[in-house]
Structures are given as C-alpha cells and as structure tokens.
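In: My questions are about this predicted structure, shown below with the sequence.
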Amino acid sequence: MTLATGTELATAANEHLANISNTLIYSAMAVYTLAFFAYIAEWLFGSRSKVARTAAALTTGAEKAKSAPAVTVQTAGGTAVLERPKVVVRSSAGARDVPDGPGAHGGDEQGDLYGRIAISLTVLAFLVHLCGVIARAVSVQRAPWGNMYEFNITFSTVAVGVYLTLLVLKKNVRWLGLFLVTTVLLDLGIAVTVLYTASDQLVPALHSYWLYIHVSTAILCGAVFYVGAAGTLLYLFKDSYETKLENGGTPGRFATSFLERLPASSSLDKFAYRLNAAVFPLWTFTIIAGAIWAESAWGRYWGWDPKETWAFITWVAYACYLHARATAGWKGRKAAYLALIAFGCWLFNYYGVNIFVSGKHSYAGV
Amino acid sequence: MSKTTTGTPPERVDDDLGAAGSQLSTAPKEDLPNLPSLGVLGWARWLWRQLTSMRVALLLLLLLSLGAIPGSLIPQSGTDETKVADFRKAHTFLAPVYDKLGLFHVYSSVWFSAIYMLLFVSLIGCIIPRSWQFVGQLRGRPPGAPKRLTRLPAYTTWRTQAEPEQVRADALALLGRRRFRAHLAGDAVAAEKGYLREFGNLAFHIALIVLLTAFAWGQLFKSEGNKLVVEGDGFSNTTTQYDDFKSGNLFTADDLVPFSFNLDKFTGTYEASGPNQGTPRIYRADIDYSKGAYGKQEKGSISPNHPLSIGDANVYLTAHGYAPLITVRDGKGKVVYHQAVPLLPLDSNVTSTGVIKVLDGYRNPAGVREQLGIKAFLLPTYTKGVETASTFPALRNPVLNLEPYHGDLGVNSGIPQSVYQLDKTHVKGYKDAKGAQLRDNLRPGQTMKLPNGAGSITYEGTKEWANFQVVQQPGIDWALGGALVAIFGLAGSLFIQRRRVWVRAVKGADGVTVVEMAGLGRSESAKVPEELGELAGILYDKAPGAPEPEQAPDDSSDQDDTTPDPHVVPAEGAEK
Ligand code: HEM
C-alpha cells in the first residue's frame, strides 16, 4: 500500500488527540465533582430556611377552598397596557393547590450563592466535557458513538446539555442539578474504568450515515427520558409527602426539609409528562431510522434482534404511559410507575442488552 | 361507543359545563363492566365493547411489551439455530417446556400472535368509530357557552361602553382571523381550535394499521435466498440457483425479479497493525450485472450497507472467504479436476476448512474408477509456530494443508451431505512413506504427489468468494409511508392543543356592557390562559373598559399583586 506511511502519521496524530480527549474527560469529571460539592452546599445551606410552604398551603387550604376558588392573577399582554383585563386561572378540581418549592437553596441567600456557583461549574464542566467528546470524534474521524465508552461520554454530555438548555429557557429545573451531576459522575466513572476502548475506526457494517441519524437521536431521546424519569421519581416522593400532610400526618424532618424545596408534585408530574411526550415522536423516529439502517446493513428491516426488541419494548412502554394519561384516566402515581418502567426498559436496552445478551448489535464493543 | 357519547374528560369539567366541556376529544367513554343479560348477541356486543375499550387496549399494549421480553433473552430459532441447539443440550428439562410454550420462536408463536391480533382488532374497533365521531364534530359547531363562565379554568371580564352586538361581532371576526372555528350562539361567541390534534391522533393510529398490514403482506410474499459465488463465477436469479431459499406462504417462483450477475473481484482490507490489527476495514464485491433476462451488462459494486437494488430485489453482501484453485491429475498426468473450492471460514482471521471432492473422471493406477476426497485446511496468513490458526485475515502468507482420501464418498447414496464435510465410512486415506496418513502443507504453486503413482494435487492459487443474500419484500414502501405518517400524526397529536374559547357580551343592569371571556383546554396548560389573555387584550382595544361601578368588587384583594396569597396557584409557566 502506497498510503501506508501517510496512514501511520495520521494514526500517531490521532492517538495524540485521543489522549487529549481522555485528559479532557478526566478534567471534566474533576469539575463536575466540584459542582457536586457546590450543589451539596446549596442543599445544606437551604435546609436552614424554615419556609414550610407546602405544609402551610395544605393545612390552610382545606378551609379556604370552600370560600373562594384558588385563583391567581396574571397581567395579560405583559407590561404594555396596565389596565388590560386580567385572566383568572382556576386549577382543576381535585388537584392540590400547592405552590412550588423555592428550590434547593430554600430561599437562603448563601445557599442560592452556592447554587449559582454550582451551575457555573456545571457549565464549565460541560464545556470541557464537550471538548473531550469532540476531540475523541476528531481522533477517530467519525461520530463519537462507535462503542459503549463513546456512547457513555456522549450521552452524559447531551444529558447535561438538556438540563442547561432547560435552564436557559427559564424552566424551573434548578432542583435537578445535584441528581444530574451525580449520575453524570457515575456514568463517566463507569465509562473511564469499565468501558474504556482505545480509539478505533468502525467495522464496515457500521459505515453508514444512518448511524449518525439513528444513534444521535437515540442519545438525545435517552437524555430527555432520563431528565423526565428524574422528574417522575421526585414526583413520587413529593406526592406521598403531600398526601401525608393532607391526611394530617407529619413526615420526617429530613423528608420535609428536602421535599419542601422541590416544585409541587403536580408541577413535577407535568414537567415529566411534557418531556416524555415531547421526545416520544423522536423515539419513534429513532426506531424507524434503525429499521432502515438494518435493512441496508443486514438485509432486513426488523429481525427481533435483542436490541431491536428492547427498543420496541421501550416504545410500547412509553405508549402505555401516554395512553394511561390521555385516555385511561390513570393519572398520577400509576402513570408515574409506568413512566419509570419505560425508562428502566431504555436503560436495560442500553446496558443490559450490551452486557448480558448477545446479538447483532453487540459488536459495537462493550 | 355511540355518536351521542359525551366523552367528558372526567377530572376536569364540572357538571355545570354540560355540553361545553364535551367532546374535546373523541376518546371513548369508559363504561363500567356491567354484565349483560341479553343472550348471545348481548354478550358479543359486550365483548366487543370490552375489547375496544381503552382499559383493554392498555392491557394489550402492556402484554405485548411483556410478551416481547422472553424472545430477547431466550435463543430464537429464527435468528440463531445453533444457539437454540446448544440451549437444548444444556437444559434438558427446560427445553421441552419452552418448546410447548413456543419460546424458541416467540414472535411467531400462537400467544404472541394472539396478543397483537387482538390489539389490531382493538385498534380498528377503536379508530373507526372515532373517525366517524370526528367527522361529526367537524360538521357540527363548537358547543355554546356554559351559563357560568367563571367556572372555567381561564376566565376574564371587563365592562365597556361598546354595544354587545358590536363586541360579539368583533370577537367573531377576531377568532375567525385566528383560525378558530367560531359562531354566534345566543348571547355568546363559541369558538374552537386545534382539530389537527384529533386528526393527527387518528392519522397515527390508522398509520399503525397500514404499517402492520404492510408488514404482514411483506411476510406473505417475501422471498430470501443465499448464493455463494467465487470470483469469476456468476448467478442468475432463479430458485434452482440458490444454495438455500425461503419464501412466504403466498410467494410463487414467478415473483422473482429476473436479473443476473458475475462476481469480478472481491476486495477485503484489514487494519494492518495496532491494537485492532485484523479488524475489517473495507469489504467490496465488484460485479457485472444485467437486469431482466437479456439486459445489457452494467458494472456495479456491493458492500455492507450498500446493497444492489434491482426492482423489488435487494442483493446484500453477507459473507466472504477463500477458495483455493486446485488441479488434480491422475497417474497418467491427465487433469481430472480443475476448480476453485470455497472453504468455510472458522474464525475472524479466516482460518478456513472444507473438502475437495473429485466425484468422477479419476481412475487409480489399476484403471479402476474411484472418488477422491481431500480435506483442506487453509491459513491465509501462516506464522511459524502457530500451526492451527491463521494470524491475519488477508492472504499474506497462505498455506494450504491437504489430507487426501480415496474410495466412495457416498455422494450418490441420496443422503444430503455438506459440501464442507467428508463422510469417511467408505474411503481410505493415502499413506505416506512411514505408513501414516498422508498430509502436507502447500504454498501456492506447489504440488503434492499421491503415493504409488496415484497422481498429484496442485495448489495453483487462491480466489475469493462472496456470499450474497437476495431479499425480495414487497409492501415495504407502504410500511415506510405508514411510519412517516405515524411520526407526523404523533407529533400533531402530542404538540397541538385542542381548546375552546367563549366570549359573552350582555348589557348589565346599569346599561353598561359586560364582556366575559373564558377558555378551556383538553389538559391543563399555561397556553390556554396565555392565549385568552392575548385575545382579551385585542378585544379590549376595540371595546375599551368603562369605569367600574362605585362599590368595589369583593374580590379586589385577590387582584393585588403585591401580597401574594400563599394559597394561590400560579398558572404554570406564567411569568412570576
Ligand atoms: C400499537 C399500539 C398503540 C400505540 C403505540 C398507541 C399510541 C398512542 C399515543 C402515543 C397516543 C397519544 C397520547 C396522548 O395524546 O398523549 C395515543 C392516543 C390514543 N390512542 Fe393509542 N396507541 C396504540 C393502540 C391503541 C388502541 C388499540 C386503541 C383503542 C382501543 C387506542 C386508542 C387511543 C385513543 C382513543 C387515543 C386518544 C386519546 C386522546 O383523545 O387524546 N390506541 N395512542
């Protein structure tokens, strides 16, 4: 081969880049760890404040509900015309009228400061992390998801990206920070220790632009499903806390301090539902793109390969969840369990199938 | 589900909303399972109602996903026959149980089929009445305003000097411009928007039916065959030419797309060094093909992910290996065999094995007809010290190990035989000088002499072979179309809000017009109040506020933004 020397030079350069990528990933982990401590500080300082808003709302709510509908007042059309008519919003019958918690800092100034530091650190870590992923992609000269190591580092970047995007969109998601950074650290930890694979090109079966389409949407769906599942899980905690208060019980001090600062259960529930519903069409597309790719790579659209099967199971599980909420009247906790099961299926499809089950997809390399 | 159903979203609309809250969706009403007492017809109707109810649909969906699980954990005969065989050997107790339950072919088992057939019926039974109902809603008009608009989730009111008729006319025009379907009903304008949601939802479910039907159709008319072709050889698409061939129940041989091709050259390259040494980089088969029975020759190539499409047929490259070119001569030096023999790859470095079978034309030195069977073992890259396996997949240093036998290969006995195996019951090995089985390593160009002037075997060189899978699956365009419609339908169904707005304008007792506006969405959403506020703002500019009457309204404290009531629920997403 006449190209041999050129290829070897390129290989050396690529290995150098791959090393840079590794350094960046480790640095990102260090910064995430700092962010983790800052979030912890936010929660700790926040526990000093004694707001007890949920409890107050729930205990006074009972008498008040009879006298006046729960209403809030909102200026329509913003600041332009002051005396415009105002829209009165009435929450639906049966829903608890509980305000959202103030967030991890609990209204404490120092807590809030640490929270802001934590977010800045998360942004920094995200940038370093992103550069690491890009360096990896450049070093292997393809999309950074050819094996499980790459999939992991890309997945956590996207998850943090989703969180930061929601923050930029001024959604009430600051409460998610600590959980997110913890899982990201876990994910990266597993990636660099167990799953590490030296940078490498792809085997011929993976040479397809469908790989870009199919896997990138799969990663994005996974990241959004993850954030949705975190919301659902916290919804379950917060909901039982509210139920307990409503029935006159007194939840433990830790639970109170922690859960009170989260958004109201109904807000968490809606948040999770919106995310899940919003990515469901994309997940559908991901599966179809996978089928199209399988057709050109293996000569069949659908072969019930374990990975395909679990993508299908995940899809059906989320469809169950959407159905349950939309039509079967399974609101609240029952639907939440379905959502968690569905996310569990997604996780299993990713880790479980690659590790425990062998199939055509497993040559992505554990 | 009849057309008169008022599918009231249970948790949200109060009794006094009446028809106003009805039919924001066409979702069927859940009726409690009250057992019928009406004989066979009654039972049938009851069963049908159950089957098409949402509860059962949900159950079937859950069952479908649960039912898919075993197939992903237990080896399936459709995908990996050898694994199933291993499993049977390892689990003598479980295997018969699994057999009974169809767990080795879950996705074609009776029970799995039953689940999806029921789901299919449920889907059809659900979608048809819903479509009807939706058409009815499109033909009808949005329901009139409920008596007490204050009870609705979003509400606003003001007093104006404008005449009620004028306000209503303005509202009608405004809502019309906003592409609401609006009409005047009594003293109020009733309007509705977001029908695309329902449309998307129906489109999605109907697309699912199309998708599934197309798949079933494809399954019935499908054909799939494999053909191994050595460089220089060709293939034409008839059932007899395939090495193996499978087809759906309704397939006939006439359905095969006519074409033929020759394999000119197969190229395989591999990572030459480094940690991934030996990993495949490029596989490519260069071919000459012609469409139809006597089409003109065209050049083409097939590689993984790039099948060749001819009509409904796709030709995939699925495997490759080596075929040593062998010449066999008898004792007199006459060539009795000259052929490239495809060998079966055993590992990722393409260590290969097979049998060269000389079936006729050979006579031993005594002049008696005999058959020759030569076991062949090829190392494409031989490294000294590693005798039993190749160390690299390409032909860097090929060595062919041959082990010749003579006698009756049993090929004519009618029992099907693998071309890669030698039946040794009626053959004898050639012996070397020491009396042991003759076996020798040859390099390309070398010749092995058979003892006692029995002839010779020459390893001329190595060709490559490629395996092609030819798949014909009609209906796949329909499936793809269905899938695309499903995605867009789904997006419409999940992202579009269906909502209603009412604007009531009446003269109050003091002669001043009171305008009331209210909005209702299918689900609680910040969008409904936001939109209502915007509409109210525009209408307000047309019908500006009149001074409030002297006595202060008793809810004025609620309107004071500076002292938020802790009990208050902010509209979700509203700026605080
Ligand atoms: C393959 C199975 C199915 C899938 C993947 C599926 C998926 C979906 C999805 C994603 C939605 C949107 C939910 C939402 O608006 O939030 C939906 C709605 C709906 N589905 Fe299905 N579905 C399936 C089968 C069925 C069956 C068998 C029935 C009827 C018995 C049915 C009846 C409905 C109805 C009535 C709605 C609309 C609820 C509304 O008005 O918003 N679906 N479905």
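Out: Yes, it's here. This one's a predicted model, so the numbers in the text were calculated from it and none came from an experiment.
In: Name the residues of the stretch 251-400 of chain B found near the ligand, please.
Out: With the criterion set to Cβ under 6 Å from any ligand atom, the stretch 251-400 of chain B never comes near the ligand. (Each C-beta comes from the backbone N, C-alpha and C, glycine too.)
In: the helices in the stretch 251-400 of chain B, which residues?
Out: Counting by DSSP state H, counting those that start in this stretch, the stretch 251-400 of chain B has no helices to list.
In: now the closest residue to the ligand within the stretch 351-500 of chain B: how far from A:A319?
Out: Across the stretch 351-500 of chain B, the shortest distance to the ligand (Cβ to the nearest ligand atom) belongs to B:S493, at 5.0 Å. Distance of B:S493 to A:A319, given as Cβ to Cβ, to the nearest Å: 12 Å.
In: still on that earlier bit, am I right that the residue of the stretch 351-500 of chain B closest to the ligand is in contact with B:A207?
Out: No: at 11.1 Å, B:S493 does not count as touching B:A207 under the criterion of Cβ atoms under 8 Å.
In: In terms of neighbours, single out the busier of the two.
Out: Applying other Cβ atoms under 10 Å in any protein chain shown to B:S493 and B:A207 shows that B:S493 carries more neighbours, namely 24 against 20.
In: doesn't the more buried one fall inside a strand?
Out: No: assessed with DSSP: H, G, I helix; E, B strand; the rest coil, B:S493 is helix; it does not lie in a strand.
In: Okay, the residue of the stretch 351-500 of chain B closest to the ligand and A:A272: tell me how far apart.
Out: Applying Cβ to Cβ to B:S493 and A:A272 gives a distance of 19 Å.
In: With B:N314 instead?
Out: B:N314 is 42 Å from A:A272, by Cβ to Cβ.
In: And A:T182, by the same measure?
Out: Distance from A:T182 to A:A272, by Cβ to Cβ: 18 Å.
In: Which one of those two is surrounded by more residues?
Out: A:A272 (26 against 14).
In: Just give the nearest non-adjacent residue to that one, would you?
Out: A:G231 (3.6 Å; Cβ to Cβ, 6 or more residues apart in numbering or on different chains).
In: Centre of the chain to the helix or strand harbouring that neighbour, how far?
Out: Element membership for A:G231 (DSSP states H and E) is helix A:209-246. Averaging C-alpha positions (Cα atoms, centre = their mean, to the nearest Å) puts helix A:209-246 5 Å from its chain's average.
In: pLDDT averaged over it - what is it?
Out: Helix A:209-246 shows a mean pLDDT of 90.
In: Who are the packing partners of that helix?
Out: helix A:53-67, helix A:148-168, helix A:177-193, helix A:253-259, helix A:265-298, helix A:332-347 (3 or more Cβ pairs under 8 Å, 6 or more residues apart in numbering or on different chains; DSSP states H and E).
In: wait, which of those helices is closest to A:A35?
Out: helix A:177-193 (5.3 Å; Cβ to Cβ).
In: list the helices and strands that closest one packs on?
Out: helix A:4-46, helix A:109-140, helix A:148-168, helix A:209-246.
In: what about the residue in chain B positioned nearest to chain A, distance to B:V501?
Out: Across chain B, no residue is closer to chain A than B:G533, which sits at 2.9 Å (Cβ to the nearest Cβ). Going from B:G533 to B:V501 by Cβ to Cβ gives 11 Å.
In: Mind checking which of the two has more residues around it?
Out: Using other Cβ under 10 Å, the more surrounded residue of B:G533 and B:V501 is B:V501, with 29 against 25.
In: Which secondary structure element is home to B:I457?
Out: B:I457 belongs to strand B:455-472, assigned by DSSP H and E.
In: how big is the angle separating that strand from helix A:265-298?
Out: 140 degrees (axes from the mean of the first three to the mean of the last three Cα atoms, to 10 degrees).
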